[in-house]
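1. only geometry, no sequence info:
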Ligand SMILES: Nc1ccn([C@H]2C[C@H](O)[C@@H](COP(=O)(O)OP(=O)(O)OP(=O)(O)O)O2)c(=O)n1
């Protein structure tokens with residue numbers, strides 16, 4: 001069962017929290033979240049699931065920023081959300097899809113108990129201009145049946161920044177950038193220069 005707008009308001013501050021909250025952004029069964037004024041873009045030829053990947057930050061100025069096809073952009077929501085015993089789901093707004101701007105394809109299933117901002121994965125079909133604070137996605141809530149483990153030890157819990165993939169930790173690798181070491185091989189380069 002999905003919570004209605006009335007139920008979202010009734011449970012605010014108890015089972016869920018959206019900060020900041022503006023009642024104007026409520027839909028029938030969801031709430032619109034907005035885009036923070038910063039993006040991350042990876043700077044690797046090949047993204048490696050077993051290593052952290054280098055990235056740079058891009059500011060989205062008030063006059064907007066053009067996105068280009070073939071690039072993965074990571075952003076985040078302005079809003080911090082919390083849930084307690086309801087399941088948050090994040091979906092792109094259809095107005096974005098109609099511009100060929102794809103955000104979190106298929107929607108994102110959050111874990112009950114997740115607290116933090118949401119990382120947004122975006123790419124586009126053709127060049128498209130975006131603006132800071134745009135209402136890009138909507139959060140909805142499902143009732144949870146039964147008990148669950150707290151998600152406080154999960155990788156992305158309590159995020160307040162855009163979070164690139166941390167899959168390497170799960171594969172047994174630490175947060176060292178092994179790609180940088182392998183590609184440039186600083187030690188050999190220094191030895192050869194002597
Ligand atoms: N686009 C997304 C999707 C999810 N989340 C948040 C809400 C989720 O509760 C939390 C973890 O998401 P997943 O369970 O999908 O993440 P993983 O399974 O990759 O990691 P973990 O095993 O740590 O849960 O991250 C997010 O910020 N941005």
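-> Okay, I see it. Keep in mind the model is a prediction, meaning the values are calculated, not measured. Residues are numbered from 1 along each chain as shown.

2. wait, doesn't residue 104 sit right on residue 91?
-> Yes - under the criterion of C-beta atoms under 8 Å, residue 104 makes contact with residue 91 at 7.4 Å. (C-beta placed from N, C-alpha, C; glycine too.)

3. which neighbours do these two share?
-> Residues touching both residue 104 and residue 91 (C-beta atoms under 8 Å, 6 or more residues apart in numbering): residue 137.

4. so for the chain, the centremost residue is which one?
-> By C-alpha atoms, centre = their mean, the chain has its centre lying nearest to residue 119, at 0.9 Å.

5. show me where this structure has its strands.
-> 16-19, 31-34, 38-42, 55-59, 65-67, 73-76, 80-83, 86-92, 101-103, 108-109, 115-116, 119-124, 128-130, 135-143 (DSSP state E).

6. picking that back up, how close does the residue nearest to the centre of the chain get to the ligand?
-> Distance of residue 119 to the ligand, given as C-beta to the nearest ligand atom, to the nearest Å: 4 Å.

7. related to what we said a few turns ago, how about TSV for the strands of the chain, with mean pLDDT added?
-> Formatted as TSV, these follow (pLDDT from 0 to 100):
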stretch	mean pLDDT
strand 16-19	98
strand 31-34	98
strand 38-42	98
strand 55-59	98
strand 65-67	98
strand 73-76	98
strand 80-83	97
strand 86-92	97
strand 101-103	98
strand 108-109	94
strand 115-116	96
strand 119-124	98
strand 128-130	98
strand 135-143	98
